[in-house]
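Trainee: Here is my input, please return the structure:
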Amino acid sequence: MATLPKVTLSPIRVFIANGQTLFREGLRRLLEAGGFEVVGETADGASVAALAERTQADVILLDLAMPRQNAIEILRALSASEVTARTLLLTSASGDRTQVVQALKLGAYGVIPQESTPQRLFESIRCVMDGQYWIGKDSISDLVKALRNDTHLEGPSRQKRFGLTPRELEIVTLVVAGYSNPDIAQRFSISGQTVKHHVSNIFDKLGVSNRLELALFAVNHQLTTETH
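Mentor: Predicted structure coming up:
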């Protein structure tokens, strides 16, 4: 019997942008031990876009407080460049929530606190690599409130449900709580494809294009219920 050739998946290519040398070096060792390929690093905010493009990184781990050019300026530079890498913000516990909100609006794919466990960091990188937004369950409520305040949206409406079915409303609640599609599928004992179909319908009905926009819309219009 002929043996099938082994399929070797290329490791995710990560670029580190952080102003602290010791932290950067520790992060490199951690990522490499976790099976990622660190293709470059810098402490200079002004060089991030050029280096990320040169190294063909998949994911940029970007410190919110970079020297010379801050994260907001860097994200603007990235959006104007040919860089296809997805950006994940590294924040401290005292990070500026307004800056985080602005960064997400400028194209960042998520936020990961520097105090997170290695496993959470690895999960966040894989998540944004798959094109999903990473906003942890612990921070999404505060973040959505900050987004609502930042965009000066009007007060909520309890009655309007925008044509969502009871099951779609349940799924909206779990998305806002930070659950992934596999988590939702397991909770409701349905297939991942069914969840994907529900989420797509929800996006269409609410006129949103990603989970972050959905979370903002849902909280503003009180479309969520308590999760247990």
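Trainee: what are the phi and psi angles of residue 15?
Mentor: phi -110, psi 130 (degrees, to the nearest 10).
Trainee: Ignoring the adjacent residues along the chain, who's closest to it?
Mentor: Among residues not flanking residue 15 along the chain, residue 57 sits closest, at 3.7 Å (CB to CB, 6 or more residues apart in numbering). C-betas here are computed from N, CA, C, even on glycine.
Trainee: State the distance from the one you found to residue 71.
Mentor: To residue 71, residue 57 is 16 Å away according to CB to CB, to the nearest Å.
Trainee: And for residue 44?
Mentor: For residue 44, the distance to residue 71 - CB to CB - is 13 Å.
Trainee: just residue 89 next, same as before
Mentor: Separation of residue 89 from residue 71 (CB to CB): 7 Å.
Trainee: overlap in contacts of those two?
Mentor: 62, 63, 64, 103, 108 (CB atoms under 8 Å, 6 or more residues apart in numbering).
Trainee: So which of those sit within helices?
Mentor: residue 103 (DSSP state H).
Trainee: I'd like the shared contacts of residue 89 and residue 71 laid out as TSV, including distance to residue 198, neighbour count and pLDDT.
Mentor: Below are the shared contacts of residue 89 and residue 71 laid out as TSV (distance: CB to CB, whole Å; neighbours: other CB atoms under 10 Å; pLDDT from 0 to 100):
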residue	distance to residue 198	neighbour count	pLDDT
62	32	26	95
63	36	25	92
64	34	21	87
103	29	24	83
108	26	27	87
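Trainee: remind me, longest helix of the chain?
Mentor: Longest helix in the chain by number of residues, with DSSP H as the criterion: helix 192-206.
Trainee: chain center to the helix or strand following it, what's the gap?
Mentor: As assigned by DSSP states H and E, the chain's next helix or strand after helix 192-206 is helix 211-220. Centroid displacement of helix 211-220 relative to its chain, using CA atoms, centre = their mean, to the nearest Å, is 14 Å.
Trainee: Run through the neighbouring helices and strands of helix 211-220.
Mentor: Helices and strands touching helix 211-220, as assessed by 3 or more CB pairs under 8 Å, 6 or more residues apart in numbering; DSSP states H and E, comprise strand 134-135, helix 140-151, helix 166-176, helix 192-206.
Trainee: looking at the ones you listed, which is closest to residue 186?
Mentor: Between residue 186 and the helices and strands packed on helix 211-220, the shortest gap by CB to CB is with helix 192-206, which sits at 9.3 Å.
Trainee: quick one, what contacts the closest residue in space to residue 167 that isn't next to it in sequence?
Mentor: Closest residue to residue 167 apart from its sequence neighbours, by CB to CB, 6+ apart: residue 198 at 6.7 Å. For residue 198, the contacting residues are 167, 168, 171, by CB under 8 Å, 6+ apart.
Trainee: pLDDT score for residue 198?
Mentor: pLDDT for residue 198: 94.
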